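>>> Quick one, fold the following:
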Amino acid sequence: MASSTSSGTYDIGIDLGTANTLVYARGKGVVLNEPSVVAVNAAGDVIAVGSEAKRTIGRTPSGITAMRPLREGVIADFDAAEQMLRALMKKALPSRRFSRPRVVICVPSGITGVERRAVIDSARGAGAREVHLIEEPMAAAIGAGLPVAEPVGCMVVDIGGGTTEVAVVSMGGLVTAHSVRVAGDAMDAAISTYIKKEHGLAIGERTAEEIKIAIGSAAWTPEDTTALAALPTPTAGTGAETEADPEAPPSSPYSFTVRGRDHLSGLPRLQEITAEEIRTALTEPVEAIVRAVHRTLDECPPELSGDIIERGIALTGGGALLRGLDRRLRQEMGVPVMVADAPLDCVVNGTAKCVDEFATLHGLLTGAKEQPRKSVRLGM
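All right, here's what the predicted structure looks like:
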């Protein structure tokens, strides 16, 4: 029998994220990594998807709207999500030999049955023959290389664009899990709000994300002290900045020049923002993530708690790259915390493994073959 790759039929895995969508095709690897953005005209027709559409955010004329079909990890606009999936699947698979594939899609652990149906129906409308769902923390744990099938407790914190997924995994299932709709987008919003309140400057979501990546942090780290001590000329009036005490951090000299619109005059303006200010701006979303981790640990069975003390907590997702977050969680929880290798790819790598080893791992999925919608299974 011909293989799926030779016949033109590919099983694919999709990390359908609020910020980015990654597509894995069996035998091809990750073939697509695009922002989850769609640009539509006044008639509702999609004119751009992915990177091309993201470049238009905040810069479109009146007749064109750039939008994110997913908000907080779930589909907010069904039609736009279906058209985005259709466009991305056509990009990922050879157009001339396209046939209806079996698709594995990651979803947040806390989504409702209605939201599950929206994901399944969108994928089927985009051309999928079968749709199977896997919960994001399970996919992240698999992609991070945790022994999810063994009778030991493994804890994963996956911080994406719209949701933070916290789960304890053991013997192929989620023992306890929490999904909070606070993640990268909430951090960007917190930065925008802070800058508008403190400096009277309006900025867009792209600028807020750039600030977060450049100087955002969750806690002062020893690396900051080392870098600070290496500065040739400390900022005037901050002589204490070279002291190497990470527990009592001084004001950070790191800064970012923000370009935005003055809230009062309406004119463009530049504003210098320090890393210390951004750390303050991120206090609320970071504390929400800390509370979710604490709540999950509190509900964990005592036997598995011992495993977590020994093995630690794995951080995955784009939010895991926030400087100092692992240190902050380590201080708050008293257990080892480490950032997984290639945290941005953990979910799609876990999905890829489910696609490649479908016969072995299908028990971790919920699925729907091509059949009347009323018989689609929506529960785990």
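
>>> need the contact list for Gly350.
106, 134, 138-144 (Cβ atoms under 8 Å, 6 or more residues apart in numbering). In short, each C-beta sits where N, CA and C put it, glycine included.

>>> Which one of the residues you listed is nearest to Ser170?
Distance to Ser170, by Cβ to Cβ, is smallest for Ala141 among the contacts of Gly350, at 10.1 Å.

>>> Surely the closest one and Glu165 touch.
No - between Ala141 and Glu165 there is no contact under Cβ atoms under 8 Å: 9.9 Å.

>>> Show me what the mean pLDDT comes to for the helix or strand harbouring Thr280.
If you go by DSSP states H and E, Thr280 is part of helix 275-281. Average pLDDT, helix 275-281: 93.

>>> so who does the nearest residue to Phe358 once chain neighbours are set aside touch?
Leaving out its chain neighbours, the residue that sits closest to Phe358 by Cβ to Cβ, 6 or more residues apart in numbering is Asp11, at 6.9 Å. If you count contacts by Cβ under 8 Å, 6+ apart, Asp11 has them with 4, 25-26, 101-104, 355, 358.

>>> Save those residues as CSV, and put in distance to Lys90 too.
Output for the contacts of Asp11, formatted as CSV (distance: Cβ to Cβ, whole Å):
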residue, distance to Lys90
Ser4, 18
Ala25, 12
Arg26, 17
Pro101, 11
Arg102, 16
Val103, 13
Val104, 18
Val355, 18
Phe358, 23
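
>>> Which ChimeraX command selects the buried ones in these?
Restricted to buried positions by 16 or more other Cβ atoms under 10 Å, the ChimeraX selection for the contacts of Asp11 reads:
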select :4,25,26,101,102,103,104,355,358
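
>>> Which of the contacts of Asp11 fall within strands?
25, 102-104 (DSSP state E).

>>> Low-confidence bits of the stretch 1-150 of the chain, can you list those?
Along the stretch 1-150 of the chain, segments meeting pLDDT under 70 span 1-9, 58-60, 62, 94-99.

>>> which residues in it form strands?
12-16, 20-25, 29-35, 38-41, 46-49, 64-67, 70-71, 74-75, 102-107, 130-135 (DSSP state E, counting those that start in this stretch).

>>> closest to Ser122 out of the ones you listed?
Of the strands of the stretch 1-150 of the chain, nearest to Ser122 by Cβ to Cβ is strand 74-75, at 6.3 Å.

>>> who does that closest one touch, helix- and strand-wise?
For strand 74-75, the elements it packs on are helix 113-125, judged by 3 or more Cβ pairs under 8 Å, 6 or more residues apart in numbering; DSSP states H and E.

>>> Pull out the buried residues from the helix or strand encompassing Glu210.
Using DSSP H and E, Glu210 sits in helix 205-215. Neighbour counts over helix 205-215 (16+ other Cβ under 10 Å) mark 207-212, 215 as buried.

>>> List the buried residues for stretch 40-48?
Buried-residue list, stretch 40-48, by 16+ other Cβ under 10 Å: 40, 46-48.

>>> Adding distance to Phe78, write these out as TSV.
As requested, these are exported to TSV (distance: Cβ to Cβ, whole Å):
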residue	distance to Phe78
Val40	13
Val46	13
Ile47	19
Ala48	19
